[in-house]
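Q: next come a sequence and a model predicted from it.
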Amino acid sequence: MSDNASADTRGYDVMLDTLDTAIKEAREKVESGRVYDAENEKVRIKWIRALAYAVNVRRQVTTDRDLEELSERLEQLENQEGR
């Protein structure tokens with residue numbers, strides 16, 4: 001794996017760690033929230049939306065990372081064949 005590819009992978013790892021933290025925080029807000037009035041329910045719904053968005057973004061980042069890794073592997077195999 002090239003140095004540039006390693007940097008890309010580390011970038012994905014940092015993004016995924018950040019998203020994991022955001023997902024954990026949003027999940028705690030959703031699960032621990034007590035609804036006393038309509039305003040609290042509105043806030044809870046916003047946290048649910050934030051959680052769903054973060055989970056979707058994490059899925060996209062994971063897919064991008066996996067595709068990047070597959071592309072690098074394919075390039076290595078093609079280079080080996082060309083020798």
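A: Cool, the structure landed. Residues are numbered from 1 along each chain as shown.
Q: how far does the helix or strand that contains residue 21 sit from the chain's center?
A: Using DSSP states H and E, residue 21 sits within helix 3-32. Chain-centre distance of helix 3-32: 5 Å, with Cα atoms, centre = their mean, to the nearest Å.
Q: so what secondary structure elements neighbour that helix?
A: helix 38-81 (3 or more Cβ pairs under 8 Å, 6 or more residues apart in numbering; DSSP states H and E). Yep, even glycine has a C-beta here, placed from its N, CA and C like the rest.
Q: packing partners of the helix it packs on?
A: The helices and strands touching helix 38-81, judged by 3+ Cβ pairs under 8 Å, 6+ apart, are helix 3-32.
Q: list the buried ones in the helix it packs on?
A: Buried residues in helix 3-32, defined by neighbour count with 16 or more other Cβ atoms under 10 Å: 8, 12, 15, 19, 22-23, 26, 29-30.
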